[in-house]
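Chemist: Just need the structure, nothing else, for what follows:
(2 chains)
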Number of protein chains: 2
Amino acid sequence: MEIDSKNQEKTGLVSCVCGSIRACLRKLKEKAVIFAKKTNKVGRDDPRRIVHSTKVGLALTIVSLLYYFRPLYDGFGQSGMWAILTVVVVFEFTVGGTLCKCLNRGFATFTAGALGIGAEHFASLCGEKGKPIILGLSVFFLAATSTFIRFFPHIKRRYDYGVLIFILTFSLVTVSGYRVEQIFELAHQRISTILIGAATCMIISIFLYPVWAGKDLHNLVASNIEKLANFLEGFGGENSFVLSQDDNSFLQDYTSVLNTKATEESLANLAWWEPSHGGFRFSHPWKQYLEIGALVRECACQLEALSSCNKSQPKAATDIQRKIRKPCKRMSSEAGKALKEIASAIKAMRHPSSSTVETHVRNSKSAVDELTSVLETLSSSAKPPADHGIMEITQAIAIASILVEIIKCVERISESVFELSKQARFNKNCSTTLSPSTTTTPPEKTHILHHGKVKLVNHVDGGHVVILVRDTTHEHPPPPVTTGE
Amino acid sequence: MEIDSKNQEKTGLVSCVCGSIRACLRKLKEKAVIFAKKTNKVGRDDPRRIVHSTKVGLALTIVSLLYYFRPLYDGFGQSGMWAILTVVVVFEFTVGGTLCKCLNRGFATFTAGALGIGAEHFASLCGEKGKPIILGLSVFFLAATSTFIRFFPHIKRRYDYGVLIFILTFSLVTVSGYRVEQIFELAHQRISTILIGAATCMIISIFLYPVWAGKDLHNLVASNIEKLANFLEGFGGENSFVLSQDDNSFLQDYTSVLNTKATEESLANLAWWEPSHGGFRFSHPWKQYLEIGALVRECACQLEALSSCNKSQPKAATDIQRKIRKPCKRMSSEAGKALKEIASAIKAMRHPSSSTVETHVRNSKSAVDELTSVLETLSSSAKPPADHGIMEITQAIAIASILVEIIKCVERISESVFELSKQARFNKNCSTTLSPSTTTTPPEKTHILHHGKVKLVNHVDGGHVVILVRDTTHEHPPPPVTTGE
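Modeler: Predicted coordinates for the structure are as follows:
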């Protein structure tokens, strides 16, 4: 019996241990699966990341040849280490980033080295006792002022890394110069190895599957405009005004636009360093992209207000609500189409078809007029029945007002893009195939002129004759005067 | 005559040279003045920058003692350079930033060094010919995978610098190990000098006028809420609805809120590294700040829509417009007061006075009810005269709708701040002096309960008796039913 119970204990222990090992393995497996999935996602999101990683590995291997090959090692000695350090620190994802760091590093090393040798020489004149004091003070003041200069906005934007390397090199040269006698040879070795490292990075970065910050910025701005267009087209589509909070993909698509300011600015700063490449000249108007981006974010803000107004709107609609919604839908979808044309033009690096954009903007504006006349009819008609009170159309009116602001915003975006297209000399002679949607409103129907000073136009809409008194110098068109019903 | 003309030429030349020198000097002086002004501005904007610069200079000078003092130099030799390098690269503006870099650097150097020595040992087993190949391959694969891992979002957020230093150290150790025989001594020297550099930075950063990222984040969120409050209070004030585009200071104040996402996130990441300091524990709920920040930005978006709606509103108001604006102003100013109490509570690190906040929110909601009844009266009254059409109150209605959304947003912000205050264990026992504004609406007048399921309330407003059927499970209250007039 005793042996039995002992055996039982043993098997119990063994099975317990086995169980815990199995549990451990299971957890490990789960973690490995999660990690693999993450890795897969990171790689799939942007396959250029895999290429970049390979490029860094390659650059490092090439530079470490400085150590492995006896003739090169004899030339550079331990300074070969600086080439490795340079490659690791300087190789960035985009060409602009790599160039920015390489040029900053090279220039800063050179000036700081020269200044350091000068300080060293000057300190030597002060005797053996005074030298460390002079050197210590110079390091202190130079480090303090340079660190302060890093807070200047325009320095921070472009030369932050250069100032850092300047402090580093100056300190190293003056301080190590105190002991090392052959300071010139040391400086020569270091500068040449740093140049080798930087050159390796630049060549690999530019000629081996380059990632251009400028192109990324260009595509980012275009896709942001497209996201707005998608929202507006969707909002103006069949299923709009029924969007609930569950339509997350729809919502998040444009909300991501709100948070791209930092990315856009850093890309524009990096693009400034890039040489001309595929359609982008050296002096490409990168600043204009930031301007467009600001307008796009402003528009996205309006969409945010629109969608939150829409969420609190009753889903079931009365007849009047439906009447108001009809022009709203057209306003939205036409504005969306205008943005879509703009986005596709940017993507193709061609001048946006001004006729297409203007037609859509005009259509959306005529929808505004339609809305105005619907509202006017409403208010001028006899006392509405109880179920058609103001309360029920409040949200619809709010949505309409926001849409009017959005159309203004779309106009400003299109102006800004035309300006970009002019500055960047985008291709003008291209056969723009008008999308079928543009033909839904034939040109003879959109006879309302929007760019006159004061115009009297007879506008026949659903049996009502409306005279529009327009003065486009005002931001908001005055209400039309209904003359007959 | 000839001599005269020559003299004239000479004096002409001299005066010309003098003039150009003077012009040069004038330009130089102008540039110097601009630079001085800029420096002054950068320093005045945040005087901690001057302190930080001095701290960096001090740390560098202390570390360079490793070179100047003979006994220390004999111990560390050329490795003292690594201490300087560490200080320059690691010393950041905030304590969190410095700690993040120090710990990352220390840990990465240690693991990469150990791994490098292991790789070195393993490669030695493969013979003189195989060794460089094995080492080259290991550098390639390690650099490539590590670079790829840097793209993982959570690695990028906290350990980006560590991975960089890992690649650097591994490459340096394996590659230089190929030549240097005394690899262990070298590793020991480097690690100890890096530790000295890192320790110097950490001590100076924490104990000499520390700049805490956590405190900055805390203040940033509070001041952002305050900016919204200022806008809303101003909008609800006497001169509101007359705001033109010229009131730039007013506008830019809240627009800056829209662009703080990147700053908030980086501060939260850095704050995660900081030890407990003045009210902030080690496990302070930094994530909650990001949540509040997102809600605040959402609210700022609504303000953007509000202000652009307001811009296109006619300035002169009819009687009905004035009637609608009255409750709108109260909605706005009460919402602003609620936010102000929340902001001042965060700043003082105390639990927001729930009675104050709730009173203001309740007041703003009762203003919504007032608005509802105004609109209801409007729609139920007999046909309005021609000058009181819907068209004229469209913008007012839109503004009212947006304000309703803003009040919802303010409620969510206050909930989120209460949650933060609970998680962070803010001080609860504090004498909140109610601002005089809260007493304008005596409690006996705000007898409408907002948190019941379905309530029937008689609400006397300007002679009209309104029965409000409230069901707060709906997001938007149904319109009240007017029973008599």
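Chemist: Poorly predicted segments of chain A, please.
Modeler: Scanning chain A for pLDDT under 70 picks out A:1-5, A:69-77, A:177-182, A:238-252, A:312-318, A:378-393, A:429-485.
Chemist: Chain A: strands as residue ranges?
Modeler: Here chain A has its strands, by DSSP state E, at A:454-461, A:464-471, A:481-484.
Chemist: and stretch A:403-413, does that touch chain B?
Modeler: Yes: using C-beta under 8 Å from any C-beta of the partner chain, stretch A:403-413 reaches chain B at A:Val404, A:Glu405, A:Lys408. Placement of C-beta: from N, CA and C, glycine included.
Chemist: Name the residues of the stretch 151-300 of chain A found near chain B, please.
Modeler: By C-beta under 8 Å from any C-beta, the residues of the stretch 151-300 of chain A that approach chain B are A:151-152, A:164, A:167-168, A:171-172, A:175-176, A:178-179, A:258-259, A:261-262, A:297-298.
Chemist: In contact with A:Gly127, which residues?
Modeler: Applying C-beta atoms under 8 Å, 6 or more residues apart in numbering or on different chains to A:Gly127 gives no contacts.
Chemist: And it, how far from B:Thr61?
Modeler: 20 Å (C-beta to C-beta, to the nearest Å).
Chemist: wait, which of the residues of stretch A:403-413 next to chain B is closest to B:Ala32?
Modeler: Using C-beta to C-beta, A:Lys408 is the member of those that sits closest to B:Ala32, with 44.8 Å.
Chemist: and that closest one, how many neighbours does it have?
Modeler: 19 (other C-beta atoms under 10 Å in any protein chain shown).
Chemist: Sort out for me which of the residues of stretch A:403-413 next to chain B are in helices.
Modeler: Residues of these located in helices (DSSP state H): A:Val404, A:Glu405, A:Lys408.
Chemist: Helices along the stretch 51-200 of chain A, start to end?
Modeler: Secondary structure of the stretch 51-200 of chain A (DSSP state H, counting those that start in this stretch): helices located at A:70-76, A:80-90, A:95-124, A:127-149, A:153-158, A:160-177, A:183-207.
Chemist: got the buried residues for the fifth one?
Modeler: Pointing back at helix A:153-158 there. A:Ile155 (16 or more other C-beta atoms under 10 Å in any protein chain shown).
Chemist: The helix ranked longest in chain A and chain B, are they touching?
Modeler: The longest helix of chain A (DSSP H) is helix A:2-45. Yes: counting by C-beta under 8 Å from any C-beta, chain B has neighbours in helix A:2-45: A:Lys38, A:Thr39, A:Val42, A:Gly43.
Chemist: Which of those are buried? Put it as a PyMOL command.
Modeler: Selecting the buried subset of these in PyMOL, with 16+ other C-beta under 10 Å as the burial test, is done by:
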select buried, chain A and resi 39+42
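Chemist: Which one of the residues of helix A:2-45 next to chain B is nearest to chain B?
Modeler: A:Val42 (5.1 Å; C-beta to the nearest C-beta).
Chemist: Was I right to think the closest one contacts B:Arg150?
Modeler: No: A:Val42 is beyond contact range of B:Arg150, at 10.0 Å (criterion: C-beta atoms under 8 Å).
Chemist: now, among the residues of stretch A:403-413 next to chain B, which is nearest to B:Ala222?
Modeler: Of those, the one sitting nearest to B:Ala222 (C-beta to C-beta) turns out to be A:Glu405, at 30.4 Å.
Chemist: And that closest one, how far from A:Phe166?
Modeler: Look at A:Glu405 and A:Phe166: by C-beta to C-beta, they are 49 Å apart.
Chemist: More neighbours: the two, which one.
Modeler: The residue with more neighbours, out of A:Glu405 and A:Phe166, is A:Phe166; 27 against 24, by other C-beta under 10 Å.
Chemist: how about that one, what does it touch?
Modeler: With contacts defined as C-beta under 8 Å, 6+ apart, A:Phe166 is in contact with A:Ala108, A:Thr111, A:Ala112, A:Ser146.
Chemist: Could you rerun that using 6 Å?
Modeler: A:Ala108, A:Ala112, A:Ser146 (C-beta atoms under 6 Å, 6 or more residues apart in numbering or on different chains).
Chemist: Which among the residues of the stretch 151-300 of chain A next to chain B count as buried?
Modeler: A:151-152, A:164, A:167-168, A:171-172, A:175-176, A:178, A:258-259, A:261, A:297-298.
Chemist: The residues you listed: which two are farthest apart?
Modeler: By the measure C-beta to C-beta, A:Tyr178 and A:Glu298 form the most distant pair in these, at 57.5 Å.
Chemist: Does A:Cys201 touch A:Phe91 like I think?
Modeler: Yes: assessed by C-beta atoms under 6 Å, A:Cys201 is found in contact with A:Phe91 at 4.9 Å.
Chemist: if I look at these two, which residues touch both of them?
Modeler: Common neighbours of A:Cys201 and A:Phe91 (C-beta under 6 Å, 6+ apart) are A:Ala59, A:Thr98.
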